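S.K.: Predicted model and sequence below, questions to follow.
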Amino acid sequence: MPSELRLAAVDLGSNSFRLEIGIVEHQEFIRTEYIKEAVRQGGGLDANRDLTPEAMQSGWNCLARFGERLAGFKRGQVRAVATQTLREARNRDTFLARATKVLGFPIDVVSGREEARLIYQGVANKLPASDEKRLVIDIGGRSTELALGHGLQPRKMESYRVGSLVWSQRYFPEGQLSHKHFQKAQVAAAAVLEGATNAYQAANWERAYGSAGTTSAIGDILVQAGWPADKIDREGLDWLLDTLVGAQEVERIKLPGLREDRRPILAGGLSVLRALFDLLHIDTLEIAQGGLRHGLICDMLGERDATSDLRDTTVERLAIKFQVDAAHARRVGEVATALYRQIYPVPQNGQRAQWDRALRKLGWASQLHEIGSHISHSDHHKHGAYILSNADALGFAVAEMHRLGVLVLGHRGKLRKIEDELGEEVLRMQLTALRLAVILCHARRDPEIQNIVLRRDSQGMLSLRYPSEWALKYPQSAYLLQEEVVAWQKTAWPLECQED
């Protein structure tokens, strides 16, 4: 690894967008620059769960500024993720299309559990080495993430739709602060978070840590008021509640240590934190230095070790959970990747990383192509696609899981159901390789493919050739291949299939 490798992490949160840049020396990340902008995108969702034009423009403007700062970075040096607001937004694809262009790098929308994993990872790697049982809490603008783990390893993660921004808007809409308002907000937060009571109870952890926005903001206020640094206790929360009620209105809050961008959402965040203290019997919450961005950095450092990828483990766990036939999945995967390599030989022009990613996704889709069989044999591709498109899969972005879902949905049957996706050439080639592999492995035994040749011409059209002797030996396979030709003839990308 170069002595000064640069890495950058971008966090598109509901309250703020953040950019962290640093260098890596001897596997240690050293921050060199940090930029935070209070975009408040989480407040820009309308009644239909669409981002308003103003909210989108504000986000684009911020990301354009981040993009200018990231000029010169390579793709593998930057990771950008979006959280709850874009998980909810129905028009997120519209926002992301332009956001990706102005930032200059892909933006992954991560699931709630994946966000919790990244937060835990970021917090744990900033703490002294220990095997202690940890609870990590992150109260964001529109969601709250909880994670339990031992040392550096997260064990259980969850995300709840309750946050400082949305709770401030919902329960303090006029900026009025009273015990009645706080009571309603806290009861409502407890109702959403009640599902965490058993899994995250105090018996399951030794120390509790709070990450990022709300806990840091409250911690800063308490320190200025004379409480110990780096921790929050019940007495401090009670004092802060009484102080806010005494102010009566949000605009009249005057507290040393309170940043102006936090003033409008402090009451909502305090209500959620107090609910967590009560539900999980927390006496003291330690303020952590790490968070989501640092989790992203840890992932990027880990990805430089090509032997380790959390996504492999996730795929294996899904396959086991849904009782996938592992031997057949391996068989299909080997054939599919062999065919894909014929279409796209190993590149020699610096595109190896992209080629590797496409091949790995094809392998995962092959491993999971029968994941829906546990629900239905005849429609397992439909059920499998639904499972993958809606699963909280650790290590995967939402878009990655959707792509796997498309491949699983399209691996059999008519192609009309995924017609809109076929325009992307790499996906089309992955899908063709997978469909042909499923056909060649239809007897659920290792097929003879030594003399089967799949070629792609300069226009992206495919042709498959196989010996006539092979067709005589395996007439059912040859018949299914001809049926596949018929299926592709109904698209804009016909498949040619000939005997030699």
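M.R.: Arrived safely, thanks for sending.
S.K.: contacts, neighbours, all on C-alpha from now
M.R.: Noted.
S.K.: Give me the below-cutoff pLDDT ranges for this protein.
M.R.: Along the chain, segments meeting pLDDT under 70 span 1-4, 303-308, 349-350.
S.K.: show me the contacts for the residue nearest to the spatial centre of the chain.
M.R.: The centre of the chain sits closest to Val110, judged by C-alpha atoms, centre = their mean, with a distance of 2.0 Å. By C-alpha atoms under 8 Å, 6 or more residues apart in numbering, Val110 lies in contact with 81-83, 87, 396-398.
S.K.: let's see 7 Å
M.R.: 81-83, 397-398 (C-alpha atoms under 7 Å, 6 or more residues apart in numbering).
S.K.: most neighbours, which of these?
M.R.: Thr83 (23 neighbours; other C-alpha atoms under 10 Å).
S.K.: My guess is that one contacts Val109. True?
M.R.: Yes. Thr83 lies in contact with Val109 (C-alpha atoms under 7 Å); the separation is 6.0 Å.
S.K.: Got the phi and psi for the residue nearest to the residue nearest to the centre of the chain when sequence neighbours are not counted?
M.R.: Excluding the flanking residues, the one nearest Val110 by C-alpha to C-alpha, 6 or more residues apart in numbering is Ala397, at 4.7 Å. The phi and psi values for Ala397, taken as degrees, to the nearest 10, are phi -80, psi 160.
S.K.: Could you measure from Ala397 over to Glu235?
M.R.: 40 Å (C-alpha to C-alpha, to the nearest Å).
S.K.: what does Leu270 give?
M.R.: Distance of Leu270 to Glu235, computed by C-alpha to C-alpha: 13 Å.
S.K.: neighbour count winner among those two?
M.R.: Leu270 (28 against 12).
S.K.: Surely that one is in a helix?
M.R.: Yes. Counting by DSSP: H, G, I helix; E, B strand; the rest coil, Leu270 falls inside a helix.
S.K.: OK, contacts around it?
M.R.: Taking C-alpha under 7 Å, 6+ apart, one finds nothing in contact with Leu270.
S.K.: Now Glu145: which helix or strand?
M.R.: strand 144-150 (DSSP states H and E).
S.K.: Partner strands of that strand and their direction?
M.R.: Partners of strand 144-150 in the sheet, by DSSP bridges, are strand 133-139 (antiparallel), strand 153-160 (antiparallel).
S.K.: wait, which of these is closest to Leu280?
M.R.: Nearest to Leu280, of all these, is strand 133-139, at 10.1 Å by C-alpha to C-alpha.
S.K.: From the rest of the structure, what touches that closest one?
M.R.: 120, 144-151, 163-164, 205-214.
S.K.: Go ahead and list the helix or strand containing the closest residue to Leu362 other than its chain neighbours.
M.R.: Once flanking residues are discounted, Leu362 sits nearest to Gln430: 6.0 Å by C-alpha to C-alpha, 6+ apart. Element membership for Gln430 (DSSP H and E) is helix 425-440.
S.K.: Show me which residues of the following helix or strand past that helix are buried.
M.R.: Next in sequence after helix 425-440, counting helices and strands by DSSP H and E, comes strand 453-456. For strand 453-456, the neighbour count (16 or more other C-alpha atoms under 10 Å) marks 454-455 as buried.
S.K.: what packs against strand 453-456?
M.R.: helix 326-343, strand 462-466 (3 or more C-alpha pairs under 7 Å, 6 or more residues apart in numbering; DSSP states H and E).
S.K.: Kindly recompute the last result at 10 Å.
M.R.: helix 326-343, helix 425-440, strand 462-466, strand 495-499 (3 or more C-alpha pairs under 10 Å, 6 or more residues apart in numbering; DSSP states H and E).
S.K.: got those as a markdown table, with distance to Arg49 columns?
M.R.: As requested, those are exported to a markdown table (distance: least, C-alpha to C-alpha, whole Å):
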| stretch | distance to Arg49 |
| --- | --- |
| helix 326-343 | 39 |
| helix 425-440 | 29 |
| strand 462-466 | 42 |
| strand 495-499 | 41 |
